[in-house]
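> Model the structure of this input:
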Amino acid sequence: MLRHAFTYHWRLWSIPEIKDCLDEAGFKSIHVWIREMPNTQSSGNAKEYNANRDVKYEESQRFNQGDAWNAYVVGVANT
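Residues are numbered from 1 along each chain as shown. Sure, this is the predicted structure:
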């Protein structure tokens, strides 16, 4: 039996770091869409939060750290 055949040390990447990696990899344009999520510290957040609501992602050039958010980072290669 192989012990520890696969190990992974968790690494949390920031959005600017991901953008830099995509830029270094040669992507011609990089886009970030961000959606703020409900406040995770609020006790009024007991109901399920799902995508049936109006899902609004906004394209952003800068990112201000928030308590809870979801982002799509897209690299576009012009071939």
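
> mind listing the strands for the protein?
All strands of the chain, identified by DSSP state E, fall at 29-36, 58-59, 69-76.

> Quick check: neighbours of the second one in the sheet, parallel or antiparallel?
Spelled out, it's strand 58-59. The strands beside strand 58-59 in its sheet (DSSP bridges) come out as strand 29-36 (antiparallel).

> Off-centre distance for the strand it pairs with?
Mean C-alpha position of strand 29-36 versus that of the full chain (C-alpha atoms, centre = their mean, to the nearest Å) differs by 8 Å.

> That strand - what's its average pLDDT?
Mean pLDDT, strand 29-36: 92.

> buried set for it?
30, 32, 34 (16 or more other C-beta atoms under 10 Å). From N, CA and C alone the C-beta is placed, and that goes for glycine too.

> Tell me the bridge partners for the last one.
The one in question is residue 34. Taking DSSP bridges as the rule, residue 34 bridges to residue 58, residue 71.

> residues in contact with residue 26?
Residue 26 is in contact with residue 77, counting by C-beta atoms under 8 Å, 6 or more residues apart in numbering.

> Let's have the strands of the chain in JSON lines, adding distance to residue 17.
Shown next, in JSON lines, are the strands of the chain (distance: least, C-beta to C-beta, whole Å):
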{"stretch": "strand 29-36", "distance to residue 17": "12"}
{"stretch": "strand 58-59", "distance to residue 17": "19"}
{"stretch": "strand 69-76", "distance to residue 17": "10"}
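
> Ok, which of these comes nearest residue 8?
strand 69-76 (20.6 Å; C-beta to C-beta).

> returning to what we had before: between the strands of the chain, which one is nearest to residue 5?
Of all the strands of the chain, it is strand 69-76 that lies closest to residue 5, at 30.6 Å by C-beta to C-beta.

> Need the contact partners of the closest one.
With contacts defined as C-beta under 8 Å, 6+ apart, strand 69-76 is touched by 15, 18-19, 22, 25, 27-37, 57, 63.

> tell me how far it is from the chain's mean position?
Chain-centre distance of strand 69-76: 6 Å, with C-alpha atoms, centre = their mean.
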